[in-house]
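Participant: Coordinates for the following, if possible.
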Amino acid sequence: MKVFVNDTELKTYCGAKVKAAVLAYMKANNLPLKTDGIEVKDAYGNIIDLDGALRSNTKIYIKL
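Facilitator: Predicted coordinates for the structure are as follows:
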């Protein structure tokens, strides 16, 4: 499944949660793998939970 985190395309498994996509983004960009204090928003600016479900082509944005 393809998702976008901060406009970076990532491939993840079907049924992945937001947290899996965030961690994949952090690993791809050599960032510390900590999710404490991260704010995640969808493409419309709504804050979403790390346990939220993802669909294919979902765009999310994180603020470290």
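
Participant: rest of the way, CA atoms for contacts and neighbours
Facilitator: Fine.

Participant: and stretch 40-58, how far from the chain's centre?
Facilitator: The chain centre lies 7 Å from the centre of stretch 40-58; the measure is CA atoms, centre = their mean, to the nearest Å.

Participant: Residue 21 belongs to a strand, doesn't it?
Facilitator: No: assessed with DSSP: H, G, I helix; E, B strand; the rest coil, residue 21 is helix; it does not lie in a strand.

Participant: how many neighbours does it have?
Facilitator: Neighbour count of residue 21, defined by other CA atoms under 10 Å: 22.

Participant: That one against residue 2, yeah?
Facilitator: No: counting by CA atoms under 8 Å, residue 21 does not reach residue 2; the two are 9.7 Å apart.

Participant: list residues touching both of the two?
Facilitator: 10, 12 (CA atoms under 8 Å, 6 or more residues apart in numbering).

Participant: so where do the helices sit in this structure?
Facilitator: Along the chain, counting by DSSP state H, helices occupy 18-28.

Participant: so where is it shaky, pLDDT-wise?
Facilitator: Under the criterion pLDDT under 70, no range of the chain is flagged.

Participant: quick one: the strands in it?
Facilitator: For the chain, the strands defined by DSSP state E cover 2-5, 8-11, 39-42, 47-48, 59-63.
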